[in-house]
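[1] The sequence isn't on hand, but the structure is:
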């Protein structure tokens with residue numbers, strides 16, 4: 001579909017253009033003459049419009065389905081038991097469209113009704129207990145024991161599921177960290193003791209060597225009578241003392257190393273023990289699965305015992321216990337709600353038309369198995385419609401949301417629908433180099449114009465009121481209705497319609513929209529055929545006393561057939577429309593006129 005600038009519709013409100021009879025007007029001094037025709041300058045309404053082709057869209061299309069839970073014999077499917085429509089049939093709001101086989105749901109409702117009856121009896125019995133105080137005391141004791149058992153069972157389950165607390169894990173992790181630190185310190189202590197022994201050994205060896213040298217020096221001096229025996233004895237004692245200190249330091253260092261190595265062994269053992277303990281706790285973090293299951297069963301049993309004890313005590317209360325009665329009332333209300341919900345599900349197994357409409361295509365028949373969420377019957381509201389179309393890029397900036405539009409539908413002949421521009425896409429669609437923009441036109445639920453019966457000119461009317469020569473066709477070969485030169489009542493007959501429904505619009509039908517982008521009312525109009533363009537000036541020839549006089553013009557809005565005149569001629573002036581030389585009517589020969597056409601905006605000034 002290719003959009004084009006539409007043909008402007010001209011509606012003459014105050015007077016029709018009166019066409020004079022054919023007259024022979026002199027032109028120049030040539031021997032040949034050309035027959036010319038004059039038309040009166042008249043006032044009228046001038047519209048500029050953009051046309052666009054598109055398709056009808058029916059926005060109100062609802063898929064009706066079974067909203068309730070369905071059940072049946074075929075893996076949860078239900079059977080379609082009733083179907084009252086077919087494709088294309090009409091439905092009124094509230095009509096029953098289809099029903100499922102609800103026998104299973106009816107049985108479920110019967111069961112729930114029995115539960116409701118039982119709840120009623122339980123409430124009655126709760127209001128009339130008949131037990132002795134000692135029986136109530138025993139029941140209360142049983143309830144106390146059951147609660148204690150439940151508490152014990154829950155603690156046992158908690159212990160089985162979590163044998164270690166967060167503090168236990170924290171202490172175990174701290175023990176590992178401490179043992180690791182102790183081992184590191186013990187190994188440092190071994191290294192320190194070994195280094196100290198090495199340092200002491202070097203020092204002590206040097207001290208012994210120094211004492212030996214001192215003793216030998218004193219003995220040599222004694223032989224030379226340069227020293228005394230006392231000095232020699234003193235040097236010998238120093239050597240002995242150095243040797244004893246060397247031996248003591250060696251033993252002490254070896255003992256320290258041995259103790260440090262023992263400490264390393266002890267730290268390694270402590271670390272291994274701490275890591276084993278932590279790993280064992282992590283392995284048993286969630287407890288033994290079998291033991292946990294046993295404890296869970298014990299909790300369930302304890303809870304069941306409490307429930308039984310509470311129910312027994314509730315029945316035995318004397319006088320009637322208000323709380324017990326309230327409980328029974330709640331149970332009764334719950335049972336009633338279940339019955340009401342089952343009834344609602346039964347209602348949801350029936351499809352009801354939500355509005356007047358036409359049924360679309362669906363695939364189903366009575367007896368078919370219907371899977372939940374898989375069956376839908378479309379219903380279409382034909383009283384609401386829009387046109388989805390495209391306009392070309394040179395027109396898009398002239399169109400605004402809210403502009404009025406008239407729509408014709410190819411398959412609905414003789415009707416025009418009114419509407420308005422509802423949305424314009426900011427995104428372009430490019431196909432084969434043509435840039436277009438999507439536009440949506442919302443249709444009103446009534447035709448744009450009422451039907452007008454066709455009429456013919458009155459043969460007895462004066463010649464000035466008769467139509468002139470056949471009107472010039474605009475783009476597309478159509479003539480604007482109501483233009484000068486056409487009687488006001490000469491439109492083709494149109495059949496009337498009460499609204500969109502009467503037009504039987506269907507989704508996807510081809511449609512043409514005419515969007516009015518500019519309009520002027522009660523302005524002077526002349527046919528474009530009367531305009532000439534000479535020397536850069538727009539002119540017409542006005543017939544005065546049988547002579548054609550040139551009149552320069554100032555023009556305004558124009559379309560393919562008519563131009564607004566703002567200055568240069570007056571209403572009632574007769575402007576010349578020339579016929580081509582060699583036509584059937586002969587007259588003075590006239591120079592040819594340029595074919596000046598203006599698409600949708602004002603002509604050049």
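    Happy to help now that I have it. None of the values given here were measured: they were computed from a predicted structure. Numbers count the residues shown, from 1 in each chain.

[2] As a quick check, tell me the outermost residue of this protein.
    The outermost residue of the chain, judged against the average C-alpha position, is residue 225 (120.6 Å), by CA atoms, centre = their mean.

[3] Which pLDDT value goes with it?
    On the pLDDT scale, residue 225 is placed at 82.

[4] Does it belong to a helix, a strand or coil?
    Assigned by DSSP: H, G, I helix; E, B strand; the rest coil, the conformation of residue 225 is coil.

[5] any idea how far it is from residue 231?
    Per CB to CB, to the nearest Å, residue 225 is found 12 Å from residue 231. For every residue, glycine as well, the C-beta is placed using N, CA and C.

[6] swap in residue 538?
    To residue 231, residue 538 is 148 Å away according to CB to CB.

[7] again with residue 389
    132 Å.

[8] So between those two, which is more surrounded?
    Using other CB atoms under 10 Å as the criterion, residue 389 and residue 231 rank with residue 389 on top: 24 against 17.

[9] Just want the phi and psi numbers for the residue nearest to the more buried one when sequence neighbours are not counted.
    Spatial nearest neighbour of residue 389, chain neighbours left out: residue 54 (2.6 Å); criterion: CB to CB, 6 or more residues apart in numbering. Per-residue torsions, residue 54: phi -160, psi -150 (degrees, to the nearest 10).

[10] what about residue 54, how many neighbours?
    With other CB under 10 Å as criterion, residue 54 counts 23.

[11] buried sites along the longest strand seen in the chain?
    If you go by DSSP state E, the chain has its longest strand at strand 412-431. With burial defined by 16 or more other CB atoms under 10 Å, the residues of strand 412-431 counted as buried are 412, 415-419, 421, 424.

[12] just checking, what packs against that strand?
    Here strand 412-431 touches strand 386-392, strand 404-409, strand 434-447, going by 3 or more CB pairs under 8 Å, 6 or more residues apart in numbering; DSSP states H and E.

[13] In TSV, list those strands along with distance to residue 110 and mean pLDDT.
    Formatted as TSV, these follow (distance: least, CB to CB, whole Å; pLDDT from 0 to 100):
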stretch	distance to residue 110	mean pLDDT
strand 386-392	50	94
strand 404-409	55	93
strand 434-447	48	85
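
[14] Turn these into CSV, including distance to residue 189.
    Below are these laid out as CSV (distance: least, CB to CB, whole Å):
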stretch, distance to residue 189
strand 386-392, 90
strand 404-409, 99
strand 434-447, 87
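
[15] which one of those lies closest to residue 270?
    strand 434-447 (81.1 Å; CB to CB).

[16] partner strands of that closest one, parallel or antiparallel?
    Next to strand 434-447 in the sheet, as set by DSSP bridges, lie strand 386-392 (antiparallel), strand 412-431 (antiparallel).

[17] would you list the ones you listed in CSV and tack on distance to residue 288?
    Shown next, in CSV, are the strands paired with strand 434-447 (distance: least, CB to CB, whole Å):
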stretch, distance to residue 288
strand 386-392, 69
strand 412-431, 66
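
[18] of all these, which lies closest to residue 337?
    Across these, closest to residue 337 is strand 386-392 (CB to CB), at 44.2 Å.

[19] can you list the residues that contact the closest one?
    Residues outside strand 386-392 that contact it (CB atoms under 8 Å, 6 or more residues apart in numbering) are 1-4, 50, 52-57, 59, 399, 407, 419, 422, 424, 429, 434-443, 511, 513, 515.

[20] From the residues you listed, keep the buried residues only.
    The buried subset of the contacts of strand 386-392 (16+ other CB under 10 Å) comprises 3, 50, 52-54, 56-57, 399, 407, 419, 424, 436-441, 443, 511, 513, 515.

[21] Could you report the separation of residue 146 from residue 192?
    Taken as CB to CB, the span from residue 146 to residue 192 is 67 Å.

[22] Who has more neighbours out of these two?
    Applying other CB under 10 Å to residue 146 and residue 192 shows that residue 146 carries more neighbours, namely 20 against 14.

[23] okay but the more buried one is in contact with residue 311, surely?
    No: if you go by CB atoms under 8 Å, residue 146 and residue 311 don't touch, sitting 11.3 Å apart.

[24] could you point out where the stretch 101-250 of the chain is predicted with low confidence?
    Residues of the stretch 101-250 of the chain that meet the criterion pLDDT under 70 lie in 129-130.

[25] Now with 80, please.
    128-133, 161, 164, 226-227 (pLDDT under 80).

[26] show me where it has helices.
    103-126, 133-161, 166-223, 229-283 (DSSP state H, counting those that start in this stretch).

[27] Take those and write them to TSV, including distance to residue 375.
    Output for the helices of the stretch 101-250 of the chain, formatted as TSV (distance: least, CB to CB, whole Å):
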stretch	distance to residue 375
helix 103-126	16
helix 133-161	48
helix 166-223	56
helix 229-283	55
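
[28] Figure out which of the ones you listed is closest to residue 291.
    It's helix 133-161; of those, that one is closest to residue 291 (CB to CB) at 4.9 Å.

[29] Now do that closest one: distance to the chain's middle.
    Taking CA atoms, centre = their mean, to the nearest Å, one finds helix 133-161 lying 54 Å from the centre of the chain it belongs to.

[30] what packs against that helix?
    helix 289-316.

[31] Buried residues of the helix it packs on, list them for me.
    Those would be 292, 295, 298-299, 302, 305-306, 309-310, 312-316, for helix 289-316 by 16+ other CB under 10 Å.

[32] swap in stretch 316-328?
    Within stretch 316-328, the residues that count as buried by 16+ other CB under 10 Å are 316-317, 321, 324-325, 327-328.

[33] Return the subset of these lying in helices.
    Assigned to helices by DSSP state H, the following of the buried residues of stretch 316-328 qualify: 316, 324-325, 327-328.

[34] which one of those residues sits closest to residue 104?
    residue 328 (29.8 Å).

[35] Tell me the spacing between that closest one and residue 523.
    With distances taken as CB to CB, residue 328 is found 87 Å from residue 523.

[36] again with residue 109
    Taking CB to CB, one finds residue 109 at 76 Å from residue 523.

[37] So the residue nearest to residue 389 sits against residue 513, correct?
    Yes: counting by CB under 8 Å, residue 54 does reach residue 513; the two are 6.4 Å apart.

[38] Between these two, which contacts overlap?
    387, 389, 439, 441.

[39] Report the two of the residues you listed separated the most.
    Largest pairwise distance in the shared contacts of residue 54 and residue 513, by CB to CB, is 8.3 Å, between 387 and 439.

[40] Can you verify residue 363 is assigned to a strand?
    No: assignment of residue 363 by three-state DSSP gives coil, placing it outside any strand.

[41] burial measure for it, as a count.
    Residues lying near residue 363 (other CB under 10 Å) number 8.

[42] cool, residue 215 as well?
    A total of 20 residues lie near residue 215 under the criterion other CB under 10 Å.

[43] ok, it touching residue 237?
    No: using CB under 8 Å as the test, residue 215 is too far from residue 237 to be in contact (9.5 Å).

[44] returning to what we had before: export the buried residues of stretch 316-328 to CSV and append columns for distance to residue 66 and pLDDT.
    CSV is the format used below for the buried residues of stretch 316-328 (distance: CB to CB, whole Å; pLDDT from 0 to 100):
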residue, distance to residue 66, pLDDT
316, 48, 79
317, 47, 72
321, 45, 75
324, 41, 84
325, 40, 85
327, 36, 92
328, 36, 88
